[in-house]
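> Pasting the sequence and the predicted model now:
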Amino acid sequence: MDKFEEKTISSKTVYKGKIFDITDDEIILSDGLARHREIIHHPGGVVIFAQKENGNILLVKQYRYAVHCVQTELPAGRLEKGEEPLFAAKKELREETGFVAESWKSLGYIFTTFGICDEKLYLFKATGLKFDRPDPDEGEILEYFELPLTDVQNLIKNGTINDAKTICAVARAVETCKHK
């Protein structure tokens with residue numbers, strides 16, 4: 001067994017939910033020690049860095065119950081079972097902001113909390129934006145707005161934006177612009 005490998009001996013679902021499941025996995029470490037890992041299995045999601053021709057970035061504000069406050073973040077959404085990430089990104093951008101994009105570029109993916117969860121978020125940059133109309137999911141109360149990229153970066157620096165997926169997508173988008 002490889003030095004960093006952990007071999008699954010058994011896996012038992014201890015919670016089955018609408019959005020995610022949790023398993024209690026018995027594993028063997030490469031040094032032979034047995035351990036348990038509680039793992040959250042999540043379908044993943046998409047995050048969209050949507051940039052208008054004037055350079056402004058589309059953002060959304062919404063209340064996030066888990067942290068009990070309004071958060072500023074990039075448009076994003078959960079993948080449905082079997083859904084392709086690019087298809088989901090296009091759908092989420094339109095639902096949350098009303099915009100559709102002519103051009104899409106993958107910015108890779110991130111794992112949100114890989115110590116306990118297998119959630120994988122696919123990051124995209126969308127350009128060539130045209131307004132259609134917002135169509136939020138039922139029960140999704142949000143407001144979209146736009147800011148210059150420097151303002152978004154300042155909100156990240158001063159701690160106003162604390163959303164990890166937004167911070168990562170902005171960093172990746174800015175980095176890809178530097179290498180053009």
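Good, I have the coordinates. Residues are numbered from 1 along each chain as shown.
> The chain: strands as residue ranges?
6-16, 21-29, 34-41, 45-50, 56-64, 69-73, 76-78, 99-111, 120-131, 142-148 (DSSP state E).
> mind putting the ones you listed in CSV, mean neighbour count and distance to Ala173 included?
In this view, the C-beta of every residue, glycine as well, is placed from N, C-alpha and C. What follows is the strands of the chain, written out as CSV (neighbours: other CB atoms under 10 Å; distance: least, CB to CB, whole Å):
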stretch, mean neighbour count, distance to Ala173
strand 6-16, 11, 34
strand 21-29, 15, 32
strand 34-41, 14, 27
strand 45-50, 26, 4
strand 56-64, 18, 8
strand 69-73, 15, 14
strand 76-78, 20, 14
strand 99-111, 15, 6
strand 120-131, 19, 5
strand 142-148, 16, 14
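> so which of those comes closest to Lys90?
Closest of the strands of the chain to Lys90 is strand 99-111, at 7.2 Å (criterion: CB to CB).
> Just to check, Arg78 is in contact with Lys18?
No. Distance between Arg78 and Lys18: 10.6 Å, which falls outside the contact criterion (CB atoms under 8 Å).
> which ones are touching Asp163?
Contact analysis of Asp163 by CB atoms under 8 Å, 6 or more residues apart in numbering lists 71-74.
> Low-confidence stretches in the chain?
177-180 (pLDDT under 70).
> Can you give the domain ranges for it?
6-41, 45-178 (automatic domain parsing).
> Going by length in residues, pull out the top helix of this structure.
helix 164-178 (DSSP state H).
> most remote residue from the chain's center?
Computed with CA atoms, centre = their mean, the residue of the chain farthest from its C-alpha average is Gly32, at 35.3 Å.
> Look up phi and psi at that residue.
The phi/psi pair for Gly32 (degrees, to the nearest 10) reads phi 90, psi -10.
> now it: how far from Met1?
For Gly32, the distance to Met1 equals 9 Å [CB to CB, to the nearest Å].
> now do Arg78
Arg78 is 34 Å from Met1, by CB to CB.
> Please apply the same query to His36.
18 Å.
> got it, and His42?
Computed as CB to CB, the His42 to Met1 distance reads 27 Å.
> Between these two, which is the more surrounded one?
For His42 versus Met1, neighbours defined as other CB atoms under 10 Å are more numerous around His42 (20 against 11).
> Show the contacting residues for the closest residue to the more buried one other than its chain neighbours.
Excluding its sequence neighbours, the residue lying closest to His42 (CB to CB, 6 or more residues apart in numbering) is Glu119, at 3.8 Å. Taking CB under 8 Å, 6+ apart, we find Glu119 in contact with 40, 42-45, 111-113.
> what's the answer for Lys52, then?
When contacts are counted by CB under 8 Å, 6+ apart, Lys52 touches 58, 129, 146.
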